[in-house]
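Chemist: Need a 3D model of the sequence below.
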Amino acid sequence: MRLYPIIIFAAAAAPATAVEVNVVYLERQTVRPPVLSNLDERPEDLGIAGARLAVEDNASSGKFLGHDYRLDVLQVAPEDAFDPALLGDADLIIADAPPADLNALADARPDALIFNATGSDDGLRAGGCRTNLLHSTPSDAMLADALGQFVASRRWEDLAMIVGPRDEDAALAETYQQSLAKFGAAIESEKIWPFDADLRRSAGAEVPLFTQELGEYDLLLIADSADDFARYVPFNTWLPRPVAGGAGLHAKGWAPVVEQAGAAQLQSRFVELAGRDMAPEDFGAWVAMRSIGEAVTRTGKADAASIRDHVLSDEFELAAFLGRPLSYRGWDGQLRQPVPLVTAEALVAQAPLEGFLHEVNEMDTLGVDRRESECRAFDGG
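Modeler: You can find the predicted model right below:
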């Protein structure tokens, strides 16, 4: 377990109404499952760098208002037991942690405000939701709905899917199925990924024969929660068809290829800070810290209750370089945001797509809407 300060900004000649904003970034480190490829290394500052950049952004306006921002980082190693007491009396927390730890923290610290910056698990937003746990990153349902809208817009009717061998892959496949059903599509053929060999050598021989059995289809979805095998499927399929989900076309909360609406400027500032591209985890942490900063700017208060009330109110909007102001849903604490649909080279589309309408906010066509939500803890539920 390590606790260390990342950055402190003090306002020069602060007025008598100076406000100190102390935030803890909790990283509950986990052991990643073994995967076929070691090409994707996890940056040591994943998520943390996004929060650091947002502290700089908050401080640029906060210095004129007497608002001081401090970010501390608490890292808990995989072999260490997680004890919410490690966070002391912190009441503003940005967390990168598994669902069980997030729920334990929320239950142990009911007066704190916790932002889940990285976890997409739908269960956190469902019947077991916590009113002091908000989500600044898209849910699995939102990401799947972005793909579902794209499929529906292209009028692709014959779909196939490959599902990985893990329980998490099966859960992701079910989310895809539910989303496609919402938009009038369905999976016609499905296979479980059977290979545990080194496909870096044999993908060109194995994958064509494996996908031949899927028959005819317009699009191949891949449910690969660990980003393991999906990379070996495109251009190795029996039929020349587009691939989406775990490879090919991705639905992401953020991606380096997002450049419009001022995003290129955010990307370049992040690269200057971290020396790498901004990942979805970084963006989720950036949004969480900026949400805190926006609430402090508007209310002049830095306590968890005041920030939560403002963030969940109709008055809250956050400009976040996605072309539309972001806000939080009052029934489950989920951030509303457009979802980029990207390849490694370019932004293909951004959901919600044109034609998918909602009586209140078109971004609520992504994920669980109010009338569908199982979350009953929030006032808006």
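Chemist: Give me the phi and psi angles of the residue minimising distance to the centre of the chain.
Modeler: In the chain, the C-alpha nearest the mean C-alpha coordinate belongs to residue 137, at 3.1 Å (Cα atoms, centre = their mean). Summarising the backbone geometry of residue 137 under the convention degrees, to the nearest 10, its torsions are phi -130, psi 150.
Chemist: Look up how far residue 43 lies from the closest residue to it other than its chain neighbours.
Modeler: Spatial nearest neighbour of residue 137, chain neighbours left out: residue 284 (3.5 Å); criterion: Cβ to Cβ, 6 or more residues apart in numbering. Any C-beta I mention is one placed from the backbone N, CA and C, and that applies to glycine too. Distance from residue 284 to residue 43, counting by Cβ to Cβ, to the nearest Å: 14 Å.
Chemist: How about residue 123?
Modeler: As judged by Cβ to Cβ, residue 123 and residue 43 stand 27 Å apart.
Chemist: Could you do residue 90 as well?
Modeler: Computed with Cβ to Cβ, the distance linking residue 90 and residue 43 is 24 Å.
Chemist: which one of those two has more residues nearby?
Modeler: Using other Cβ atoms under 10 Å, the more surrounded residue of residue 90 and residue 43 is residue 90, with 18 against 15.
Chemist: what's the closest non-adjacent residue to that one?
Modeler: Computed as Cβ to Cβ, 6+ apart, the closest residue to residue 90 that is not its neighbour in sequence is residue 24, at 4.2 Å.
Chemist: tell me the secondary structure for that neighbour?
Modeler: Remark: residue 24 carries the secondary structure label strand [criterion: DSSP: H, G, I helix; E, B strand; the rest coil].
Chemist: okay but the residue nearest to the centre of the chain is in contact with residue 279, surely?
Modeler: No: in terms of Cβ atoms under 8 Å, residue 137 does not count as a neighbour of residue 279; the distance is 10.9 Å.
Chemist: between those two, what contacts are shared?
Modeler: Taking Cβ atoms under 8 Å, 6 or more residues apart in numbering as the contact criterion, no residue touches both residue 137 and residue 279.
Chemist: where along the stretch 251-381 of the chain do the helices fall?
Modeler: Listed in chain order, the helices of the stretch 251-381 of the chain (DSSP state H, counting those that start in this stretch) span residues 263-274, 280-299, 304-311.
Chemist: Quick one: closest of those to residue 70.
Modeler: Each of these was scored for nearness to residue 70 using Cβ to Cβ, and the closest is helix 280-299 (11.4 Å).
Chemist: quick check: angle from the closest one to helix 263-274?
Modeler: Using axes from the mean of the first three to the mean of the last three Cα atoms, to 10 degrees, the direction of helix 280-299 lies 100 degrees away from that of helix 263-274.
Chemist: Show me the domain layout of this structure.
Modeler: 2-138+255-372, 144-251 (automatic domain parsing).
Chemist: ok, now which ones touch the residue nearest to residue 137?
Modeler: With contacts defined as Cβ under 8 Å, 6+ apart, the neighbours of residue 284 are 47, 50, 116, 117, 118, 136, 137, 253, 254.
Chemist: Over to residue 353?
Modeler: The contact partners of residue 353, by Cβ under 8 Å, 6+ apart, come to 149, 150, 153.
Chemist: can you list those residues in CSV and add pLDDT?
Modeler: Listed next are the contacts of residue 353 as CSV, based on pLDDT from 0 to 100:
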residue, pLDDT
149, 97
150, 97
153, 96
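Chemist: now, among these, which is nearest to residue 351?
Modeler: Residue 351 lies nearest to residue 149 out of those, by Cβ to Cβ, at 5.1 Å.
Chemist: That closest one reaches residue 183, doesn't it?
Modeler: Yes: with contact taken as Cβ under 8 Å, residue 149 and residue 183 are classed as touching, separated by 6.1 Å.
Chemist: For these two, indicate the residue with more neighbours.
Modeler: Remark: of residue 149 and residue 183, residue 149 carries more neighbours, 25 against 16, as counted by other Cβ under 10 Å.
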